[in-house]
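*Asks:* give me coordinates for this.
(one chain, ligands or ions: 1)
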Amino acid sequence: MSTADSPKVLLINGPNLNMIGTREPHIYGSTTLIQLEDQLTQKAKQLEIALTCFQSNIEGEIITKIQQAKSNNIDVIIINPGAYTHTSIGIRDAFLSVQIPFIEIHISNVYARENFRHHSYLSDIASGILVGHGLFGYELALYRAQNIISSR
Ligand code: DQA
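*Replies:* Numbering: from 1, shown residues only. Next comes the predicted model:
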């Protein structure tokens, strides 16, 4: 069970990830974002982590959320930046300014897809990257977040 003293993890899903479940199911599966967030919230409770879930299709909202994570005492951020992975210097700069460790995750194996998905503006400054493990990657990211927190 998580309590007020539990470490805090913020999960950010970027653009179009609100559409999983119906979006290109051969790539992203049939589980909806609400179902995924419910499952992860249960898993986080078992790990004694307080998990907050956030999704936005708007780059500036994601940047603001990362900035606010500092004053909200977030210990680790897990982010699937969606297409902003490949375009957003703004999200990169937000992570550089808050200096909160973060894990980058992609549901699909971006390296087995179009060339424009092979470059990430975040990977070199991430604590770690999880790519191509489907939705299970989010659970793996939670375990890694716990590991980052406990090894501080
Ligand atoms: C994605 C991969 C991105 O290239 C794409 O734009 C997404 C989802 C993934 O989870 O596999 O929206 O981040």
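*Asks:* contact partners for residue 123?
*Replies:* Residues in contact with residue 123 (Cβ atoms under 8 Å, 6 or more residues apart in numbering) are 104, 129. Where C-beta positions appear, they are placed from N, C-alpha and C, glycine not excepted.
*Asks:* which pLDDT does the model give it?
*Replies:* Per-residue pLDDT puts residue 123 at 98.
*Asks:* C-terminal to the helix or strand harbouring residue 39, what's the next element?
*Replies:* Residue 39 belongs to helix 33-46 when assigned by DSSP states H and E. For helix 33-46, the succeeding helix or strand toward the C-terminus, using DSSP H and E, is strand 50-55.
*Asks:* by contact count, what packs against that following strand?
*Replies:* strand 8-13, helix 33-46 (3 or more Cβ pairs under 8 Å, 6 or more residues apart in numbering; DSSP states H and E).
*Asks:* from the ones you listed, which stretch is densest packed?
*Replies:* strand 8-13 (a mean of 24; mean count of other Cβ atoms under 10 Å).
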